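[1] no sequence on this one, just coordinates:
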Ligand code: AP5
């Protein structure tokens, strides 16, 4: 099974990915996580991406397409969940071509739908672990010990692109450049919509229900 998870920044893609990959044995490939790891390692790619990410703009297609198609080729499993990629129609077209070269395709697109106002509140309360990438929220998903990661005890941090001005830009970028992707995939008849303004458990249950039904057919 190969899945693309779509949704605005803060829709809960990373949160739901954790559940989906564990349930269906998929590999989680997150373009945002890969970019943040490149930045933390101080690579040339990470340095190139930095200013775009910090301002809420998209990293240029040519950088992302090469990064993600390579990550897919090197992946130890051909069953994966893509999170944050593709994010433009051009990225989706290039992805489809690259997969077709290996006789693969995207089977399902899951689309998390949410209003901008809800997202803005979620993002300012998000805290992440710089070591393992685990994601928390100061109200909705608290760690066992305040400020510390449950997995490794590292001090939780706020992502630099989660400040209100950058969140506003990321939402604008999403509406202008990523929303058209939903129609692109809809034209292929592979999109399933989910109301993401519910509790994480409710969203997870609807996604599992849909995927279980799709896997059976
Ligand atoms: P990326 O890391 O992909 O960020 P994003 O899409 O903006 O998504 P987020 O990680 O912010 O949100 P999410 O939907 O995963 O939400 P989460 O589960 O964490 O990209 C970052 C940057 O990298 C981009 O701006 C761009 O510059 C660049 N980039 C990446 N990919 C690119 C590409 N393909 N092309 C070009 N540039 C690219 O949840 C958010 C918070 O809400 C958390 O605190 C969580 O605990 C909480 N929460 C989650 N679900 C719920 C719920 N149901 N109820 C209440 N709280 C919830």
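    Yep, it's here. This one's a predicted model, so the numbers in the text were calculated from it and none came from an experiment.

[2] Spell out the residue ranges of the helices in the chain.
    Taking DSSP state H, the helices of the chain run over residues 13-24, 31-40, 44-55, 61-74, 89-100, 116-124, 164-173, 179-186, 200-216.

[3] right, so of these, which gets closest to the ligand?
    helix 31-40 (1.9 Å; CB to the nearest ligand atom). From N, CA and C alone the C-beta is placed, and that goes for glycine too.

[4] Between the helices of the chain, which has the poorest mean confidence score?
    Among these, helix 116-124 carries the lowest mean pLDDT, a mean of 89.

[5] at contact distance from the ligand, anything in it?
    Yes. Using CB under 6 Å from any ligand atom, we find that helix 116-124 touches the ligand at residue 122.

[6] what does stretch 130-143 give?
    Yes. Interface with the ligand: stretch 130-143 contributes 135-137, 140-141 (CB under 6 Å from any ligand atom).

[7] Let me know which of the helices of the chain is the nearest to residue 150.
    Relative to residue 150, the nearest member of the helices of the chain by CB to CB is helix 13-24, separated by 12.6 Å.

[8] Okay, buried residues for that closest one please.
    Buried residues in helix 13-24, counted by 16 or more other CB atoms under 10 Å: 13-21, 24.

[9] likewise stretch 51-61?
    For stretch 51-61, burial by neighbour count (16+ other CB under 10 Å) applies to 52-53, 56, 58-59, 61.

[10] which pair in the residues of stretch 130-143 next to the ligand spans the largest distance?
    Spatial extent of the residues of stretch 130-143 next to the ligand (CB to CB) is set by the pair 135 and 140 at 10.6 Å.

[11] Show me which of the residues of stretch 130-143 next to the ligand are buried.
    Among these, the ones that count as buried (16+ other CB under 10 Å) are 135-137.

[12] coming back round to it: tell me the one of the buried residues of stretch 51-61 nearest residue 92?
    Using CB to CB, the shortest approach to residue 92 within the buried residues of stretch 51-61 belongs to residue 61, at 10.5 Å.

[13] if I look at the closest one, how far off is residue 95?
    Note on residue 61: its distance to residue 95, by CB to CB, to the nearest Å, is 11 Å.

[14] returning to that earlier point: near the ligand, from the buried residues of helix 13-24?
    Answer for those near the ligand (CB under 6 Å from any ligand atom): 13-15.
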